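In: sequence? don't have it. structure:
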């Protein structure tokens, strides 16, 4: 390796480390616990699109039936095998709930169906396999200034034993920091459909890409955020949990959909994400290159600089997200994340055709 190549790597390494420090210490540091201070005045309709998950809904009936601040629940059956269970409406007698078939195919049309049928102006979304952390979930999400027409919530995974579960939860935290950090700097770029509230006027089927069967929530928020004020709700009472994938293959395919959706984002949103993720990958690439070039002092200083910066912010944010058990393994989880991104990147060129 020539001296010119080594010098070039050093320059790139310093640049990517500075970018990482910028994201962690300026943007991600801004993410904080956030609760709405407005009294409960909004009438909220909860919409859950269901495809073959009616047993999960039944199992979680008590949690949804006891929700405060939700005046109406609408279930949209997205062509489930066997249709809607005959006894389903009977078990929801304590809550105003309705079940309708999807008038189209896929979640986008299911959402359109549900929103048209909703009696209320505020729409709260989750998935059939999700469980609210508390009965006040709906109240917490709706307690924001009505001028904020899009409210992003946090959707963590249940804690289980094993490295895969830790990795999935770690990536979920990074995604939450980029999403909520984006809002803090006026760059709202996505929304997680497992925990999302917006005004009915926000929904526009033309804002989502009907050519792909996924990414409806992401694309809707990405396209409409510039016209509708947004915020995020970050308090443990408003968390909504779901099970993490049991195998890396399943998780890999799930994330394939999410990364493919990002290619449909606005240019500014893509730049915001590309700078972070490419600087992260560039960090590991340049540090390893410097080690091969026997530039041990440079490699050590750059590695220590970025990881110390990350640690100082991550330590506080993991407490905020109730995930502090991930801190002892963060060095390994972050490295695995870099490898995961490298594996996913080629798939951006091959959008997934099915859900």
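Out: Everything's here; your move. Because the structure is predicted, anything quoted here is derived from the model rather than measured.

In: as a whole number, average confidence for stretch 244-255?
Out: The pLDDT scores in stretch 244-255 average 89.

In: what comes up buried for it?
Out: 244, 245, 251, 255 (16 or more other Cβ atoms under 10 Å). For every residue, glycine as well, the C-beta is placed using N, CA and C.

In: likewise stretch 63-82?
Out: In stretch 63-82, counting by 16+ other Cβ under 10 Å, buried: 63-65, 67, 69-78, 80.

In: Filter those residues down to the ones in strands?
Out: 72, 73, 74, 75, 76, 77 (DSSP state E).

In: so which of those comes closest to residue 311?
Out: Distance to residue 311, by Cβ to Cβ, is smallest for residue 73 among these, at 42.5 Å.

In: End to end on stretch 42-56, go ahead and measure it.
Out: 28 Å (Cα to Cα, to the nearest Å).

In: Give me the below-cutoff pLDDT ranges for this protein.
Out: The model of the chain has pLDDT under 70 over residues 89-96, 103-106, 205-216, 227, 257-263, 347-355.

In: ok, which stretches of it are strands?
Out: So, for the chain - with DSSP E - the strands run 44-50, 72-77, 97-101, 122-127, 131-132, 150-153, 196-199, 230-233, 240-241.

In: Residue 224: which of the ones you listed is closest?
Out: Residue 224 lies closest to strand 150-153 among the strands of the chain, at 7.3 Å (Cβ to Cβ).

In: helices or strands next to the closest one in the packing?
Out: Under the contact definition 3 or more Cβ pairs under 8 Å, 6 or more residues apart in numbering; DSSP states H and E, strand 150-153 sits against helix 137-142, helix 163-184, strand 196-199, helix 216-224, strand 230-233.

In: try it again with 7 Å
Out: Contacts defined by 3 or more Cβ pairs under 7 Å, 6 or more residues apart in numbering; DSSP states H and E place strand 150-153 against helix 163-184, strand 196-199, strand 230-233.

In: now the ones you listed as CSV including distance to residue 156?
Out: Putting the helices and strands packed on strand 150-153 into CSV (distance: least, Cβ to Cβ, whole Å) gives the following:
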stretch, distance to residue 156
helix 163-184, 6
strand 196-199, 15
strand 230-233, 13
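
In: Any chance of a markdown table for those, columns distance to residue 277 and mean neighbour count?
Out: A markdown table is the format used below for the helices and strands packed on strand 150-153 (distance: least, Cβ to Cβ, whole Å; neighbours: other Cβ atoms under 10 Å):
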| stretch | distance to residue 277 | mean neighbour count |
| --- | --- | --- |
| helix 163-184 | 9 | 20 |
| strand 196-199 | 23 | 23 |
| strand 230-233 | 21 | 23 |
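
In: Of those, give the one that comes closest to residue 46.
Out: strand 196-199 (9.5 Å).

In: Give me the distance from that closest one to the chain's centre.
Out: Centre-to-centre, strand 196-199 and its host chain are 14 Å apart (Cα atoms, centre = their mean, to the nearest Å).

In: Closest to residue 267 out of the buried residues of stretch 63-82?
Out: Of the buried residues of stretch 63-82, the one sitting nearest to residue 267 (Cβ to Cβ) turns out to be residue 78, at 31.9 Å.

In: related to what we said a few turns ago, looking at the helices and strands packed on strand 150-153, which is nearest to residue 217?
Out: Closest approach to residue 217 among those (Cβ to Cβ): strand 196-199, 5.9 Å.

In: Contacts for the closest one next, please.
Out: Identification of contacts with strand 196-199 by Cβ atoms under 7 Å, 6 or more residues apart in numbering yields 121-125, 141-142, 149-153, 217.

In: cool, and stretch 276-288?
Out: In contact with stretch 276-288 (Cβ under 7 Å, 6+ apart) are residues 9, 12-13, 16-17, 19-20, 23, 178, 299, 302-303, 306, 335, 338, 341-342.

In: Filter these down to the buried ones, PyMOL style.
Out: Here is the PyMOL selection string for the buried members of these, based on 16+ other Cβ under 10 Å:
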select buried, resi 9+12+13+16+17+19+20+23+178+299+302+303+306+338+341
